[in-house]
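Enquirer: Kindly generate the corresponding structure for this input.
(chains A and B)
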Protein chains: 2
Amino acid sequence: MNNRVNVNVDEIKIKLHTIFKGVSVPKQDAEIVINALLDAETSGVESHGLMRMKAYVDRIVEHKIAANPIIKVEENGVVVRIDGGNGLGQVVTMCAVNKCVEIAKKYGIGVAAIAHSNHFGTAAYYTNIMAKEGCIGISATSAGPTVAPFGGMDLLLGTNPFSVAFPATKQVFCADMATSATAKGKIRIYAKSGKTIPVGWALDAEGNDTTDPEKAIKGILLPMSGHKGYALAMIVDALCGLLSGANLSCEATSMFNTQNLANVGHFICAINIEHFLPLENFERRAQEWFEKIRTSKTRQGMRIMIPGEPEAERKLLVKDQLSVLQETARTIDDYYKKYAV
Amino acid sequence: MNNRVNVNVDEIKIKLHTIFKGVSVPKQDAEIVINALLDAETSGVESHGLMRMKAYVDRIVEHKIAANPIIKVEENGVVVRIDGGNGLGQVVTMCAVNKCVEIAKKYGIGVAAIAHSNHFGTAAYYTNIMAKEGCIGISATSAGPTVAPFGGMDLLLGTNPFSVAFPATKQVFCADMATSATAKGKIRIYAKSGKTIPVGWALDAEGNDTTDPEKAIKGILLPMSGHKGYALAMIVDALCGLLSGANLSCEATSMFNTQNLANVGHFICAINIEHFLPLENFERRAQEWFEKIRTSKTRQGMRIMIPGEPEAERKLLVKDQLSVLQETARTIDDYYKKYAV
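Expert: From the prediction side, this is the model:
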């Protein structure tokens, strides 16, 4: 942990606002992105937290992300097609989330297929927001090609994460998972910490099992549960790419590449619970169910948690100070100095 | 394979019709159930095929399944709530599928939460039908409590399978997976064949890893991919149980129990592709993507298949004869003799 440093949350916010202002991102859009990054960072998902700012800003500077995009929204029944105008993924996706919740409140469901977007951070950020609106929220995104099909060795699928969240009386259930055995960001954390990764997460570039995070980053990620994760990754690609016209994972550009437009696709769905039954009945029954599961018999040395609880618990620990990787803090300082002029 | 026997498909159909007629199931309802069972059997999913007839008929005889149910359909926007009147799962679910496709054609999406139903067979049966209607089909069902939460030992979740299917020009993508490491029906097949099961599928009743299928059947199934499968099982329970008011898996009765009503819940969703983009564009791009994946570099000794292909290939092999377990054939004959009077 000696490569970590404490930073003040409010100071970080001010610095990030200054940086995004420096690359011409409108204040309300910067607010969305900063909230999403801090939400991931404070939830313990630092692979999708503050360390991502650099890639976003670099791509804006290289004109590969539009700082102030024209987002086109086309409605057809309860369906929305969104052209994100190559904007920041968080800004484009929040537009879809707001629209889907609005439609769901009227008709029961709202669903959006989004093209011409960029990396949107954690899928959980959006489903948590929809859950707090009384909806079952679903979100998914395609990602750069890092994962091989089941039985294959070519990088044709992304980590293709998705999230589902719904409310209970005292908490929000929120599952957010990569459809690969793990996320590349997680392997990067292992690499930075000098730890080995478990067998089954990845192959090296020649297709051999590896526990070396550096070889895994240059190699091939494996789908979770073999053929099941492979199918899940394809489902996410179909919802995010085929339905919206965005790039499929196998056509996508790495978010760290500054040469091409990404044309990332996302999928958002809000299901309004109140259209099925009184929300309070749903939430009460959900909470009772959570208590039953949480207090059931555990295996030796284990604790049973409801999905979303580990992240919610970590968030509670953060007051005004936040522990971040030294490198992340240094990058923010460097960029701040550059754009504070 | 010496415990298998060849049967004539048309003869089996006639016998099954006679049996279901004998327990007062209307002909058009029997047709639905028989189609669904034969679809599973010919797809190679015999755990959800003809061997299930016995449990359905026994429960009808014990008045635990209604042979001729009153199915109530309540629409609200694009949302449908269905009370299955304790009918056969296949009959109730096909009612939901037809309604969802009809609504999706008008508004883009139709979604149904179903309560008071019973075992519905394979989830793939319904999504394949929706895909052939130009939709992305989603189906899910809760199931009896056979799976422990991640970190736990109590049976509080079901195998809770779900399926997603969508069309391409030459084939249908169809994924159908239990959210447990495996399905209990699959372990029964291992038990009948005298084979051991892999570590990681199940624990014995005391919570120890086991490779003995008999101990696994009496023991505890594990979720797929640990915490990920646990979260997926809870999502399925939320969609099938919380949203519809049906039993959650932890409240459910085994389908082999003839003492209680099951109140099984299902979830059906149809997304009309044409509401997003021309169907032929979607299907053409999907097919090109499948070819790219299928013809990519394989690992030693492996073959890359698109989800749904193994089942579709097996179906093509079945002409007028079908190889079934001797016990299944014997049971059909016994029940046929009983009800042919």
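Enquirer: can you give me the strands for the stretch 101-250 of chain A?
Expert: In the stretch 101-250 of chain A, the strands defined using DSSP state E, counting those that start in this stretch lie at A:109-117, A:135-141, A:162-167, A:172-177, A:202-203, A:220-221.
Enquirer: starting at the chain centroid, how far to the fourth one?
Expert: Meaning strand A:172-177. For strand A:172-177, the separation from the chain centroid amounts to 11 Å (computed by C-alpha atoms, centre = their mean, to the nearest Å).
Enquirer: Could you tell me which strands sit next to that strand in the sheet, and their orientation?
Expert: Looking at strand A:172-177 with DSSP bridges, its partner strands are strand A:162-167 (antiparallel).
Enquirer: just the first one next, same as before
Expert: Strands adjacent to strand A:109-117 in the sheet, as given by DSSP bridges, are strand A:79-83 (parallel), strand A:264-272 (antiparallel).
Enquirer: can you redo those strands as JSON lines with distance to A:Ser225, mean pLDDT and mean neighbour count?
Expert: For the C-beta atoms, the positions are set from N, CA and C on the backbone; glycine is no exception. Supplementary listing: the strands paired with strand A:109-117 in JSON lines, determined by distance: least, C-beta to C-beta, whole Å; pLDDT from 0 to 100; neighbours: other C-beta atoms under 10 Å in any protein chain shown:
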{"stretch": "strand A:79-83", "distance to A:Ser225": "31", "mean pLDDT": "98", "mean neighbour count": "23"}
{"stretch": "strand A:264-272", "distance to A:Ser225": "21", "mean pLDDT": "98", "mean neighbour count": "29"}
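Enquirer: I'd like those laid out as JSON lines, including distance to A:Lys338.
Expert: Below are the strands paired with strand A:109-117 laid out as JSON lines (distance: least, C-beta to C-beta, whole Å):
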{"stretch": "strand A:79-83", "distance to A:Lys338": "31"}
{"stretch": "strand A:264-272", "distance to A:Lys338": "26"}
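Enquirer: Just put the strands of the stretch 101-250 of chain A in TSV and tack on mean pLDDT and mean neighbour count.
Expert: Below are the strands of the stretch 101-250 of chain A laid out as TSV (pLDDT from 0 to 100; neighbours: other C-beta atoms under 10 Å in any protein chain shown):
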stretch	mean pLDDT	mean neighbour count
strand A:109-117	98	28
strand A:135-141	98	28
strand A:162-167	98	26
strand A:172-177	98	24
strand A:202-203	92	24
strand A:220-221	93	25
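Enquirer: Show the contacting residues for the residue nearest the centre of chain A.
Expert: In chain A, the residue lying closest to the centroid (C-alpha atoms, centre = their mean) is A:Thr122, at 1.7 Å. Counting by C-beta atoms under 8 Å, 6 or more residues apart in numbering or on different chains, A:Thr122 touches A:Ala36, A:Asp39, A:Ala40, A:Ser43, A:Val45, A:His48, A:Pro161, A:Ser163, A:Asp176.
Enquirer: If we only consider those residues, which is nearest to chain B?
Expert: A:Asp176 (8.6 Å; C-beta to the nearest C-beta).
Enquirer: Does the closest one touch A:Gly121 like I think?
Expert: No - judged on C-beta atoms under 8 Å, A:Asp176 makes no contact with A:Gly121 at a distance of 10.7 Å.
Enquirer: Let's see the particular helix or strand that has A:Ile293 in it as PDB, backbone CA atoms only.
Expert: Assessed by DSSP states H and E, A:Ile293 sits inside helix A:279-294. The C-alpha coordinates for helix A:279-294 follow below in PDB (Å, rounded to 0.1, in the frame of the first residue of the first chain):
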ATOM      1  CA  LEU A 279     -43.400  -0.300  -5.400                       C
ATOM      2  CA  GLU A 280     -43.500  -0.600  -1.600                       C
ATOM      3  CA  ASN A 281     -44.700  -4.200  -1.800                       C
ATOM      4  CA  PHE A 282     -41.800  -5.100  -4.100                       C
ATOM      5  CA  GLU A 283     -39.200  -3.300  -2.000                       C
ATOM      6  CA  ARG A 284     -40.500  -4.800   1.300                       C
ATOM      7  CA  ARG A 285     -40.400  -8.300  -0.100                       C
ATOM      8  CA  ALA A 286     -37.000  -7.800  -1.600                       C
ATOM      9  CA  GLN A 287     -35.600  -6.600   1.700                       C
ATOM     10  CA  GLU A 288     -37.100  -9.500   3.600                       C
ATOM     11  CA  TRP A 289     -35.500 -11.800   1.000                       C
ATOM     12  CA  PHE A 290     -32.100 -10.100   1.400                       C
ATOM     13  CA  GLU A 291     -32.300 -10.600   5.200                       C
ATOM     14  CA  LYS A 292     -33.100 -14.300   4.800                       C
ATOM     15  CA  ILE A 293     -30.200 -14.800   2.500                       C
ATOM     16  CA  ARG A 294     -27.700 -12.700   4.500                       C
END
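Enquirer: Mind giving me the packing neighbours of that helix?
Expert: strand A:162-167 (3 or more C-beta pairs under 8 Å, 6 or more residues apart in numbering or on different chains; DSSP states H and E).
Enquirer: Any idea how many residues pack against the residue nearest to A:Asn68 when sequence neighbours are not counted?
Expert: Spatially, and ignoring its direct neighbours in sequence, A:Asn68 is nearest to A:Pro26 (5.8 Å; C-beta to C-beta, 6 or more residues apart in numbering or on different chains). The tally of other residues near A:Pro26 (other C-beta atoms under 10 Å in any protein chain shown) stands at 14.
Enquirer: For A:Pro26, give its distance to A:Gly84.
Expert: A:Pro26 sits 15 Å away from A:Gly84, going by C-beta to C-beta, to the nearest Å.
Enquirer: And for A:Lys105?
Expert: For A:Lys105, the distance to A:Gly84 - C-beta to C-beta - is 23 Å.
Enquirer: More neighbours: which of those two?
Expert: Legend: neighbour count by other C-beta under 10 Å for A:Lys105 and A:Gly84, higher for A:Gly84 (31 against 17).
Enquirer: That one against A:Ile71, yeah?
Expert: Yes - assessed by C-beta under 8 Å, A:Gly84 is found in contact with A:Ile71 at 5.7 Å.
Enquirer: quick one: contacts for the nearest residue to A:Val57 once chain neighbours are set aside?
Expert: Leaving aside its chain neighbours, A:Val57 sits nearest to A:Val23 (5.6 Å; criterion: C-beta to C-beta, 6+ apart). Shown in contact with A:Val23 (C-beta under 8 Å, 6+ apart): A:Val57, A:Ile60, A:Val61, A:Ala67, A:Tyr339.
Enquirer: from memory the fourth one sits against A:Ile60, does it?
Expert: Yes - here A:Ala67 lies in contact with A:Ile60, judged by C-beta under 8 Å, at a distance of 5.2 Å.
Enquirer: So for the two, which residues contact both of them?
Expert: With C-beta under 8 Å, 6+ apart, A:Ala67 and A:Ile60 have common neighbours A:Val23, A:Ser24, A:Val25.
Enquirer: right, and out of these, which lies closest to chain B?
Expert: Distances from chain B to those, taken as C-beta to the nearest C-beta, are shortest for A:Val25 (29.3 Å).
Enquirer: which residue packs closest to that closest one, ignoring adjacent ones?
Expert: Nearest one to A:Val25, counting by C-beta to C-beta, 6+ apart, is A:Ala67 at 4.8 Å.
Enquirer: same question, A:Thr210
Expert: Spatially, and ignoring its direct neighbours in sequence, A:Thr210 is nearest to A:Asp204 (4.4 Å; C-beta to C-beta, 6+ apart).
Enquirer: Phi first, then psi, for that neighbour.
Expert: Note on A:Asp204: backbone dihedrals following degrees, to the nearest 10 are phi -80, psi 180.
Enquirer: Was I right to think it contacts A:Glu214?
Expert: No - counting by C-beta under 8 Å, A:Asp204 does not reach A:Glu214; the two are 9.5 Å apart.
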